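Sequence first, predicted coordinates after that:
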Amino acid sequence: MTFQRPTFRHPDLPPNSAGYNLRDYEGGISTLCAGCGHDSICGAIIQACFELAIPPHQLVKMSGIGCSSKTPAYFLGKSHGFNSVHGRMPSIATGANMANRDLVYLGVSGDGDTASIGMGQFVHAVRRNLNMVYIVMNNGCYGLTKGQYSATADKGTKSKKGSVNALESIDLCELAIQLGAGFVGRSFSGDKKQLVPMIKAGLAHKGLSFIDVISPCVTFNNNPESTKSYHWVREHSEATNTFDFVPFRQTITTEYEDSVDQEVRLHDDSVIHLHKHENTPDVTDRRQAIDNLEDHKAEGVILTGVLYVNPESADTHDILNTSEKSFNSMGVEDLCPGGDVLAKINESYR
Amino acid sequence: MKPTDIEDPQYFHKVIDCQFACPAHTPVPEYIRLISQKRYTDAYMLNWASNVFPGVLGRVCDRPCEPACRRGRVEKDPVAICRLKRLCADNRDEVLGLLPTIPAEKNGKRIALIGAGPASLTVARDLMPLGYSIDLYDDQEKGGGFMRSQLPSFRLPEAVLATEVDYILDMGVTTHFTQRVESLQAVLDQDYDAVFVGTGAPRGRDLPDLPGREAGAGSIHVGIDWLAGVVFGHVNAIGKRVLVLGGGNTAMDCCRTARRLGGEQVSVVVRSPREEMKASPWEIDEAVHEDVPIIDNHVPLEFVMGNNYLVGMRFDRVQAVYDDNGKRQLRSTGQEPVFMPCDEVLLAVGQLNAFPFIEKESGVAFTDKGLPQLNPQTLQSTHPKVFFGGDAAFGPQNIITAVAHGHEAAISIHLLCQGRSLRERPGPQVDFAGQKMGVHDWLYHNQVSETNRQAVPMLSKAKTLKDRLLEVELGFDRQIGQAESLRCLNCDVQTVFHADLCIECDGCVDACPESCINFVENGTEEELRTRLKAPAENRSQDLYVSGPLTTGRVMVKDEDVCLHCGICAERCPTSAWEMQKFLFHPAQAEHI
């Protein structure tokens, strides 16, 4: 058993524009089951952060409880981290974000952690459009407790032992679009080509970027009849669009044929460049986005790609008109201005 | 690209860089693993079966394996393969009982070996156990050839050589020592079934046309003859100031021997730039360590005589100029010639083949360069019963190449004696062994050691320069050797991919520390090499390509810096990656 990955890395791998090497974004060796989709998502997070040249110490990774929430141990080993109580990652993220808006926030959660025990927390973080990337590693089951169906398991899906899920499933993407997330996407752990640029776009977007990643549980939920298996997802998924993410200050050089481009310009002047067929819905229209999801669901097809973007989205700081400065850059007098100021504030409400 | 044919034994053989680079294809990782398990005798015998002189080669091999070692690409220095070989030789138990048994009843075939160097001895080693009767001819008193006469004792103690030569001679070889073969025809007339010529490249190149060569003859020596003179006790001293001309390993042996015989100011003078010297880098380092300056870019002009004795040499300063084809020309800088005073000069400017004993009528034809016309694979000359090997075959090379020739010639001779075509050569012996023990447990030590190359302990310069018989390198002790052996990356434990089992979860791609593994759309090799996770610019290393997978993509693994750590196989849920130990033994005569 390998407990420590060798530290040797390919000698010809170039560093990113900030001078960091890929290994600066890596974490410890995974202890998840071999072949777990979550590992691929970790790989995609590492690649996305490396390509965006985010200084590792400028990023905060947070999680709750579950297989998915173990994963921050396997990526971004030089970043800040917080492993919270089950389902409570959004609260921790909110607190941290309020205290310091200068850092990049990346929350990792699972379908149980988000759609069951943490549902109340999740929906309110979305409503506030908290400036963070919220990734759900969605395997449709409780992998840590031997694979019982979770709330995102599709109705009618079959488990390894053959039992059928009779309950309706929660579509987290639809919920997120409804509740005001600025950026919503769905991807598949087995498709890094789509997942990496999606995470990059999510990181660049200001507001809550919700990314639901279907991530097969190889041990309990990877039988061919399961709608969350590698096999099923590859056979039954359709991308709403293919896209490139072009970070701020980079020029677009690639030309695409047979597709209509739609440019979505984000707050920091990064561009999401969508290549889609004619007559496909506009991803900046919330209603069309939800219809699109429902239409595909009716056809038994999993829709992936960037589902919805609001380039104008206002995040919690904008909505609440909070301080521009982070708490750690304020002095004691700013943070605790004393009884006189409190009295004045109270007075203003009388 | 087409899927890689891993059924072809050469594919995985090439992945084992050290073994592939070795002319004798010794299974290096396998014996290093045995050393790491402190099984020194087993490691020695594995070596012995392949390269015949582990104790000798563990000291003086040219080590083509080390520059090839993958570790040199992964970090800075290769595994000290040669010194590990010596470690197992130094620490082995008695091996006499492990040597092949020689049949009491002979097969009736008689072979003559001319020259008792490594090539001939290897032929004897391979053919004696098969029942051949062998006559060995040499003009020296003992076996070993150039290993005895040219290699100074401070690099190779005589006892080490004698033991390993005797393993072979004691198989019952009939030796005819101090018997110089004057006529090949006379040997052929004795009705041998085959004759093997392993007479080396016995003539040192001279500089006969250099002014002053004749007048200074008493103080000017041909390097290899002088070295032999030292070994046989004819030469006991040298002048205080010595110039050694030449940049090969013989030059290094000459200058270091001169330092031990009274040479106080010994310099090596080379025509070419230092980077192009033929000597092994470690030999140059040793010479420099013994206070021998290497003076490069100096072309000799003349020997300068004083009153009837040599007072020095004059050199022209040159620089190397390269034309468009990379061909080198040494062009004079136009500066004044340099005078270097000296008492004696050693010429180590190359060796020549010489076959004065082979008559024109014997049926053995030669090339324009004075080398025998040979089939490069069978080593058969234009006379069907005469074979060549070692330096006698293709000009001066090294011991390990001579051993490789010996094995090939033995195969040819064995086929010839059975009346079979020499083209019916046996294939290599290949064996695959799965390494999986438990879910994540391996039969081999898959944890990659991250220690640097271990330095070898040496005797102090003050001591060794006083006594030419004292060996300079002390060799690794068991503890250092253990640490060094664990640096080996086990390149013979192969990553075998089964496309039909892969579910494309990407687990291996993410886990691979060296970013070797890719799942991409197929393309031409040129184009594939540009779009892998890490640039695959080392063309000498293959890409391992699978057949198409479910998504239509293929798996492409760049073999270049793979650590053989097995993490891909550990993180694979379906055992699509397997770690398989691939043992490759080149064919020998006994396999026919």
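Perfect, thanks for sending it.

Per-residue pLDDT of the closest residue in space to A:Ile65 that isn't next to it in sequence, please?
Closest residue in space to A:Ile65, ignoring its immediate chain neighbours: A:His86 at 3.8 Å, by CB to CB, 6 or more residues apart in numbering or on different chains. Where C-beta positions appear, they are placed from N, C-alpha and C, glycine not excepted. We note a pLDDT of 97 for A:His86 in this prediction.

middle-most residue in chain A, spatially?
With distances taken as CA atoms, centre = their mean, the residue of chain A nearest its centroid is A:Ile135 (2.6 Å).

now the residue nearest to A:Ile65, what's its secondary structure?
Of the three states, A:His86 takes coil under DSSP: H, G, I helix; E, B strand; the rest coil.

Can you tell me which helices and strands the biggest strand by length in chain B packs against?
As assigned by DSSP state E, the longest strand anywhere in chain B is strand B:310-322. Packed against strand B:310-322, as judged by 3 or more CB pairs under 8 Å, 6 or more residues apart in numbering or on different chains; DSSP states H and E, are the following elements: strand B:298-305, strand B:328-332, strand B:338-341, strand B:344-347.

Verify the stated contact: B:Thr524 with B:Thr530.
No - using CB atoms under 8 Å, B:Thr524 is not in contact with B:Thr530, being 10.2 Å away.

ok so, going back, could you list which residues are in contact with the residue nearest to the centre of chain A?
A:Ile41, A:Ile45, A:Leu106, A:Gly107, A:Val108, A:Ser109, A:Ile199, A:Ile211, A:Val213 (CB atoms under 8 Å, 6 or more residues apart in numbering or on different chains).

Among these, which one sits closest to B:Ile284?
Using CB to CB, A:Ile45 comes nearest to B:Ile284 of these, at 50.0 Å.

Neighbours of the closest one, how many?
Neighbours of A:Ile45 under the rule other CB atoms under 10 Å in any protein chain shown: 27.

Now do the contacts for A:Leu172.
A:Leu172 makes contacts with A:Asp111, A:Thr114, A:Ala115, A:Phe122, A:Val136, A:Asn138, A:Thr152, A:Phe210, A:Asp212, as judged by CB under 8 Å, 6+ apart.

Could you point out which residue ranges in chain A have low pLDDT?
Counting by pLDDT under 70, the low-confidence segments of chain A come to A:247-261, A:275-279.

Can you name the residue of the stretch 251-400 of chain B nearest chain A?
Chain A sits closest to B:Pro281 of the stretch 251-400 of chain B, with a gap of 21.1 Å, by CB to the nearest CB.

backbone phi and psi for that residue, please?
Here is the backbone geometry of B:Pro281 (degrees, to the nearest 10): phi -50, psi -40.

Can you say which of the contacts of A:Leu172 are buried?
Neighbour counting over these (16 or more other CB atoms under 10 Å in any protein chain shown) leaves A:Asp111, A:Thr114, A:Ala115, A:Phe122, A:Val136, A:Asn138, A:Thr152, A:Phe210, A:Asp212 as the buried ones.

of those residues, closest to chain B?
When these are compared against chain B (criterion: CB to the nearest CB), the nearest one is A:Asn138, at 15.4 Å.

Can you tell me who the closest one pairs with across the strands?
Per DSSP bridges, the residues bridged to A:Asn138 are A:Ile214.

That one contacts A:Ser109, correct?
No - A:Asn138 is not in contact with A:Ser109 according to CB under 8 Å; the separation is 9.4 Å.

Surely A:Tyr230 is in contact with A:Ile214?
No - A:Tyr230 is beyond contact range of A:Ile214, at 9.6 Å (criterion: CB under 8 Å).

Mutual contacts of the two, please.
Common neighbours of A:Tyr230 and A:Ile214 (criterion: CB under 8 Å, 6+ apart): A:Gly37.

So these two - more neighbours on which side?
Taking other CB under 10 Å, A:Tyr230 and A:Ile214 do not tie; A:Ile214 has more neighbours (28 against 25).

what's near enough to touch the more buried one?
A:Ile214 neighbours (CB under 8 Å, 6+ apart): A:Gly37, A:Asn138, A:Asn139, A:Arg186, A:Ser187, A:Phe188, A:Ser189, A:Lys228, A:Val233, A:Ile302.

hang on, the earlier thing: among the buried ones among the contacts of A:Leu172, which one lies nearest to B:Thr26?
Closest to B:Thr26 out of the buried ones among the contacts of A:Leu172 is A:Asn138 (53.4 Å), distances taken as CB to CB.

how far away is the closest one from A:Ala99?
For A:Asn138, the distance to A:Ala99 equals 29 Å [CB to CB, to the nearest Å].

Check B:Gly223 too.
On the measure of CB to CB, B:Gly223 and A:Ala99 end up 79 Å apart.

Please apply the same query to B:Ile102.
85 Å.

now for the longest helix seen in chain A, which elements pack on it?
Counting by DSSP state H, the longest helix found in chain A is helix A:37-52. Judged by 3+ CB pairs under 8 Å, 6+ apart, the packing partners of helix A:37-52 are strand A:132-138, helix A:192-204, strand A:208-214, helix B:507-511.
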